[in-house]
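A.B. asks: no FASTA, just this:
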């Protein structure tokens, strides 16, 4: 199965997928922005500032999902030594870091009108900052450690430790008394968000997921070319 | 109506700055990723062209990925 990610067909698939995403992306983006900024109603308590949610929440979801994915693939790679997984995790990490930073900054901007401050050393915000540090550590290990096997081992350990932080981020609002509000959307149980806000939120999440897929495909292609270039030098 | 959209009852500065920042960062990241990919494709194609005819033949016969990289690069130029 993992050979699929490293055979010649992958290039054909990358091109097909990239073209498909490019063809639908701008229509989706315009629809998502129209709903987020114009058609969705203001919140009864927070007013129009709630619209920040349409970028903040998807960014936070993507950052958590990306790190979970990196950590699980790294652990799998640590045990089974499948080199293609390293290419995947290395391609996901910068995307995850970018969305973690977006989630922190937009959350901070949202905090000003709702909490009266841009920053507080709140459990949710602090644990998100720690997540960003784990992303940085993961990326810099691959940049600074020249021996690839060693870099993979160290980054896998870092990712495994970072995985502990994911449930802490998720449940921080329940375990501690925080400024951050509890989750409005629950996978199990009923959500407390109205459908008029949930639909634009899911649409914006889908738009950003498409963007992530586009970046991931380009980064993955770059990683494969980088390896092939190294192999050329051995000739 | 446009005024309402811009001001958003006093929250406009927060909402617009969040959206602009997000999409600006995403745009820059997309541009940089694409530029890096093109750079690598170009360097790879250049290194292939510098190989001897025999070496080139060996590389392209043994690595389907290498020939795919070249064909995708040739499509973009």
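C.D. replies: Cool, the structure landed. The model shown is predicted, which means the values in this text are computed figures rather than measured ones.

A.B. asks: residue contacts, the residue sitting furthest away from the middle of chain B?
C.D. replies: Distance from the C-alpha centroid of chain B peaks at residue B:9, with 38.4 Å (Cα atoms, centre = their mean). By Cβ atoms under 8 Å, 6 or more residues apart in numbering or on different chains, the residues touching residue B:9 are A:42, A:47, A:48. Glycine gets a C-beta too; all of them are placed from N, C-alpha and C.

A.B. asks: so the second one touches residue B:7, yeah?
C.D. replies: By that I understand residue A:47. No: assessed by Cβ atoms under 8 Å, residue A:47 is found out of contact with residue B:7, at 11.4 Å.

A.B. asks: just give me the longest helix of the chain.
C.D. replies: Let's take chain A. The residue-count maximum for a helix in chain A (DSSP state H) belongs to helix A:195-233.

A.B. asks: not what I meant, chain B
C.D. replies: Longest helix in chain B, counting by DSSP H: helix B:12-50.

A.B. asks: list the buried residues of that helix.
C.D. replies: B:12, B:14-16, B:18-19, B:21-22, B:25-26, B:29, B:33, B:37, B:40-41, B:44-45, B:48 (16 or more other Cβ atoms under 10 Å in any protein chain shown).

A.B. asks: near chain A, from these?
C.D. replies: Contacts with chain A within those, as defined by Cβ under 8 Å from any Cβ of the partner chain: B:12, B:14-15, B:18-19, B:21-22, B:25-26, B:29, B:33, B:37, B:40-41, B:44, B:48.

A.B. asks: of the contacts of residue B:9, which are in range of chain B?
C.D. replies: Answer for those near chain B (Cβ under 8 Å from any Cβ): A:42, A:47, A:48.

A.B. asks: and the first one, how many neighbours?
C.D. replies: Right, residue A:42. If you count neighbours by other Cβ atoms under 10 Å in any protein chain shown, residue A:42 ends up with 15.

A.B. asks: my read: it touches residue A:52, true?
C.D. replies: No: counting by Cβ under 8 Å, residue A:52 is not a contact partner of residue A:42; they are 11.8 Å apart.

A.B. asks: can you get me a residue count around the residue of chain B found nearest chain A?
C.D. replies: Per Cβ to the nearest Cβ, residue B:64 is where chain B lies closest to chain A, at 3.3 Å. For residue B:64, the number of neighbouring residues by other Cβ under 10 Å comes to 13.

A.B. asks: low-confidence ranges in chain B?
C.D. replies: B:75-77 (pLDDT under 70).

A.B. asks: go with 80
C.D. replies: For chain B, the stretches with pLDDT under 80 are B:1, B:55-56, B:59-77.

A.B. asks: up against chain A, what does chain B have?
C.D. replies: B:5, B:8-12, B:14-15, B:17-19, B:21-22, B:25-26, B:29-30, B:33-34, B:36-37, B:40-41, B:43-44, B:47-48, B:51, B:55, B:58-59, B:63-69, B:72.

A.B. asks: now with 7 Å, please.
C.D. replies: Within chain B, the positions lying close to chain A (Cβ under 7 Å from any Cβ of the partner chain) are B:5, B:8-9, B:11, B:14-15, B:17-19, B:21-22, B:25-26, B:29-30, B:33-34, B:36-37, B:40-41, B:43-44, B:47, B:55, B:59, B:63-66, B:68-69, B:72.
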